[in-house]
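**Student:** build me a model:
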Amino acid sequence: MDERLKVALKAAHLASIYCEIVRTNNNFDVIEKPDGSPVTIADIGSQIIINHFILETFPKDSIVAEEDDTKDADLSILREFLDRHGVTTGESFKDVLKPPVNAHAKEFWTVDPIDGTKGFLRGESGQYAICIAFICNQQPVLCVMAAPRLQLIAYAIRGQGAYSKRLYSDEDFTRITVRPMPAQPLLCCSFEDSHTRVEVLDKIVETLGLQLLRVDSQVKYLMVAMGAADVYIRVSPKGYRENIWDHSCILLVQEAQGYVWSDQELAFPISGKMNCSVLISANAVELLKKIQKLI
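**Tutor:** Predicted coordinates for the structure are as follows:
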């Protein structure tokens, strides 16, 4: 197994355990970031865990990740967790959370320690994902996603397929592929209205007669890749630029024999910001083309 894949799987596994401990403990503050989005000790701790494992094995690699400050949060739960698992960071949490980035690097990691923090906060009714990807020449060539609420962990390697298994299990990974088009395709979209242009999605659903399912996080990419849904559409709110860590696991769909389209070049630059404002991931090119005509 590729060494980077081993590291990413190990990091995602341990970060998942930590996040679920925090979630079930339900004794933590929710901090509001400048953009109004929430962050918790689960987000911060998960990123520290992931970054630690990456830097331990690949100390020269750059990491572009969502969280950039510990927010003076109480990380005593994280310290106890790392001690129990025999993990020593050797550096301050702040240094591990936000290590230096080589802006000229052609290869780097991108990390979303909890994609779907609002879903994480909703508990049993919400979804969230821990997403790690390795980028080469502005394209994800490896990605790992842990979805604790679905009890699944998945990965994809460019040119080698997509795979999943039950999270925390010792079973082997099995290959996943998109499903054949059903009579009434299922469309996944963001749970939060503020994350998309609702009027565009409503038009597509009504015109094409699609079923609609609102789901938090990049779990939507996994659902399309494993045949639990047929299409995921992201239409960015006007003026918003997408972050690379929010879409790095689109590789799951590409490697599960699905189809992907974007209105601008689908690139993942080290700056962290994407240029595309429309992203479609589908199980069939015919469905993708029908949706393109309506956007």
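**Student:** do a quick rundown of the helices in the chain.
**Tutor:** Applying DSSP state H to the chain gives helices spanning 3-25, 41-57, 76-84, 93-97, 117-122, 198-208, 219-225, 251-255, 285-294.
**Student:** tell me which residues in stretch 255-275 are buried?
**Tutor:** E255, A256, G258, Y259, V260, W261, S262, L266, F268, I270, G272, M274 (16 or more other Cβ atoms under 10 Å). Using the backbone N, CA and C atoms, a C-beta is placed for each residue, glycine as well.
**Student:** nearest residue to the third one in space, ignoring adjacent ones along the chain?
**Tutor:** Just to be clear, that refers to G258. Leaving aside its sequence neighbours, G258 sits nearest to V178 (Cβ to Cβ, 6 or more residues apart in numbering; 4.4 Å).
**Student:** roughly how far apart are V141 and R4?
**Tutor:** 9 Å (Cβ to Cβ, to the nearest Å).
**Student:** meant to ask about R179, not that
**Tutor:** Using Cβ to Cβ, we find R179 at a distance of 29 Å from R4.
**Student:** go on, I77?
**Tutor:** 28 Å.
**Student:** so where is the protein shaky, pLDDT-wise?
**Tutor:** Confidence mapping of the chain against pLDDT under 70 gives the ranges 1, 193-195.
**Student:** what count of nearby residues applies to the residue nearest to M181 when sequence neighbours are not counted?
**Tutor:** Spatial nearest neighbour of M181, chain neighbours left out: A284 (4.7 Å); criterion: Cβ to Cβ, 6+ apart. Using other Cβ atoms under 10 Å, A284 has 17 other residues around it.
**Student:** go ahead and confirm A284 touches K290.
**Tutor:** No. At 9.5 Å, A284 does not count as touching K290 under the criterion of Cβ atoms under 8 Å.
**Student:** what domains does the record give for this protein?
**Tutor:** Segmentation of the chain into domains, based on automatic domain parsing, reads 3-176, 186-294.
**Student:** of all residues in the chain, which one is nearest the centre?
**Tutor:** Nearest to the mean C-alpha position of the chain, by Cα atoms, centre = their mean, lies C131 at 3.7 Å.
**Student:** in stretch 5-12, which residues are buried?
**Tutor:** Residues L5, V7, A8, L9, A11, A12 are the ones in stretch 5-12 that count as buried (16+ other Cβ under 10 Å).
**Student:** other residues contacting that stretch?
**Tutor:** For stretch 5-12, contacts defined as Cβ atoms under 8 Å, 6 or more residues apart in numbering pick out 49-50, 52-54, 57-58, 130, 132, 134, 142, 144-146, 153, 155, 157.
**Student:** off-centre distance for it?
**Tutor:** With Cα atoms, centre = their mean, to the nearest Å as the basis, stretch 5-12 stands 14 Å off its chain's centre.
**Student:** then stretch 122-140?
**Tutor:** Centre-to-centre, stretch 122-140 and its host chain are 1 Å apart (Cα atoms, centre = their mean).
**Student:** endpoints of it, how far apart?
**Tutor:** This stretch, stretch 122-140, spans 30 Å end to end (Cα to Cα, to the nearest Å).
**Student:** OK, contacts around the residue nearest to G258?
**Tutor:** V178 makes contact with V224, A225, G227, D230, V253, A256, Q257, G258, N283, A284 under the criterion Cβ under 8 Å, 6+ apart.
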